[in-house]
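Asks: Next input, structure requested:
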Amino acid sequence: MEVSRSGYYNYFSEKSMQKRVAKAKTDEIIKEMILKAYHFRGRKKGARQIKMTLENQYKMTYNLKRIRRIMKKFEIICPIRKANPARRMAKATKEHRTCPNELKRNFKPGEAGKVLLTDITYLTYKGNKRAYLSTIKDAQTNEILAYEVSSWLSIGIALNTLRKLQKHRHLTKDALIHSDQGFHYTNPQFQSVVKKMGLRQSMSRRGNCWDNAPQESFFGHFKDETNIKECETLEEVKREIKSYMTYYNHYRGQWNLKKLPPVKYRQQLQQVA
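Replies: Model (predicted):
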């Protein structure tokens with residue numbers, strides 16, 4: 001077994017056995033706290049989310065490696081996002097106009113309300129029924145500023161999301177809204193509303209999802225952490241989305257936001273400014 005004689009006898013010594021028993025008891029206690037954070041507000045979480053939830057909600061600090069070790073030991077499995085190999089890219093018609101990529105992946109301007117990201121994703125729920133979710137995200141704070149849910153993929157879903165954005169007062173005067181080249185965003189109606197709101201418009205290069213990566217990342221986490229597939233009606237889907245948006249904006253700490261939820265991070269930025 002390639003074990004030294006001293007190491008073998010040390011392992012079975014009274015002192016070593018007591019240490020192992022004490023460590024097992026400590027792990028059990030920490031496991032209960034990890035499970036409490038894992039199930040906080042009914043949302044699935046990985047090790048980093050658990051660490052931030054423990055710190056933000058329970059004022060407890062554990063080393064990330066320790067959390068991962070205990071999760072592995074007790075088989076506490078975190079969700080793993082699957083890649084989407086068939087991302088749909090809408091083709092602009094002749095009357096639709098694309099905009100240049102003014103953003104150029106400068107997602108963090110250092111100021112809230114300056115760079116806005118928008119996109120639409122589809123959600124499948126029971127009975128193989130489909131709903132669509134449109135969101136507008138603040139690239140600096142990761143806060144979801146506006147969203148709209150619909151059973152139809154029409155221009156209305158994008159326009160309604162824009163109208164809801166008008167409720168927010170902390171947008172800068174030269175705010176830039178960035179999207180892909182989907183037909184919603186090249187539509188003259190959408191572009192007209194953008195101009196009336198005093199926003200500038202930018203678009204990703206064709207077929208390049210990295211130009212809007214933070215928005216894609218949000219949809220990935222959203223699908224991992226929600227229970228949309230268990231919903232039976234569109235109304236249940238809307239309730240689940242509303243519940244998640246509250247959790248995401250106000251409670252879900254993020255590693256690159258000083259472990260704070262988006263709203264608290266925005267408030268901290270505004271205090272500094």
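Asks: Distance of residue 135 relative to residue 221?
Replies: 12 Å (CB to CB, to the nearest Å). C-betas here are computed from N, CA, C, even on glycine.
Asks: typo on my end, it should be residue 32
Replies: For residue 32 relative to residue 221 (CB to CB), the value is 25 Å.
Asks: now swap in residue 45 and tell me
Replies: From residue 45 to residue 221 the distance is 10 Å (CB to CB).
Asks: So between these two, which is more surrounded?
Replies: The neighbour comparison of residue 45 against residue 221 (other CB atoms under 10 Å) goes to residue 45, with 23 against 20.
Asks: Just the pLDDT at residue 93, thanks.
Replies: pLDDT for residue 93: 42.
Asks: got it, and residue 82?
Replies: pLDDT recorded at residue 82 is 60.
Asks: Please apply the same query to residue 79.
Replies: So residue 79 comes in at 69 (pLDDT).
Asks: Check residue 206 too.
Replies: With respect to pLDDT, residue 206 has a value of 85.
Asks: Confirm for me that it is in contact with residue 181.
Replies: Yes. Taking CB atoms under 8 Å as the definition, residue 206 is a contact partner of residue 181 at 5.6 Å.
Asks: With neighbour numbers in mind, choose between the two.
Replies: residue 181 (22 against 12).
Asks: Am I right that that one is in contact with residue 201?
Replies: No. Counting by CB under 8 Å, residue 181 stays clear of residue 201, with 11.4 Å between them.
Asks: quick one: contacts for the residue most central in space within the chain?
Replies: Closest to where the C-alpha atoms of the chain average out (CA atoms, centre = their mean) is residue 218, at 3.5 Å. The contact partners of residue 218, by CB atoms under 8 Å, 6 or more residues apart in numbering, come to 135, 137, 142, 144.
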